[in-house]
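A.B. asks: Sequence first, predicted coordinates after that:
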Amino acid sequence: MAVSIAPPQRRGAANSTFLCAYDMGIGLGGGIAGVLIDMIGYNYMFAIIAIANILSILIYIAIGQKHPSSLTYRLKMQKEKQA
């Protein structure tokens, strides 16, 4: 969805940036989880990851729904246009 708000001539760059960030997250996530397991064990590692996921959800609820690329925002703008 983030790529869809990029201008047509920049969509390739937007898509590759998104995919690079996604791949970096996968690569770094495994390494960070491994370090956390060595330092604090599996239980606390999963607790930290759960907290990070909950924080991500809260940030999305607070900010993400107001971003022009979100479906909620687009539907709201579409309703306002029709009214």
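C.D. replies: Nice, I can see it.
A.B. asks: Who are the packing partners of the longest helix along the chain?
C.D. replies: For the chain, the helix with the greatest residue count under DSSP state H is helix 11-40. If contacts are counted by 3 or more CB pairs under 8 Å, 6 or more residues apart in numbering; DSSP states H and E, helix 11-40 sits against helix 42-62. All C-beta spots, glycine's among them, are computed from the backbone N, C-alpha and C.
A.B. asks: Moving C-terminal from the helix it packs on, which element do we reach first?
C.D. replies: The element immediately downstream of helix 42-62 (helix or strand, assigned by DSSP states H and E) is helix 71-82.
A.B. asks: Determine the set of other helices and strands touching that following helix.
C.D. replies: Partner elements for helix 71-82 (3+ CB pairs under 8 Å, 6+ apart): none found.
A.B. asks: can you start the count at 45 instead of 1 from here on
C.D. replies: Okay, residue one is now 45; in that scheme the one you just asked about reads as helix 115-126.
A.B. asks: returning to what we had before: got the buried residues for the longest helix of the chain?
C.D. replies: residue 80 (16 or more other CB atoms under 10 Å).
A.B. asks: and it with helix 86-106, angle?
C.D. replies: Going by axes from the mean of the first three to the mean of the last three CA atoms, to 10 degrees, helix 55-84 is angled at 150 degrees with respect to helix 86-106.
A.B. asks: any low-confidence regions in this structure?
C.D. replies: 45-46, 109, 112-113 (pLDDT under 70).
A.B. asks: hmm, 90 instead?
C.D. replies: Within the chain, the ranges that satisfy pLDDT under 90 run 45-55, 57-59, 61-62, 73-74, 80, 103-127.
A.B. asks: Quick check: the gap between the residue nearest to residue 50 when sequence neighbours are not counted and residue 110.
C.D. replies: In space, and not counting its chain neighbours, residue 50 is closest to residue 58: 3.8 Å by CB to CB, 6 or more residues apart in numbering. Using CB to CB, to the nearest Å, residue 58 is found at 20 Å from residue 110.
A.B. asks: Right, I'll call it a day here.
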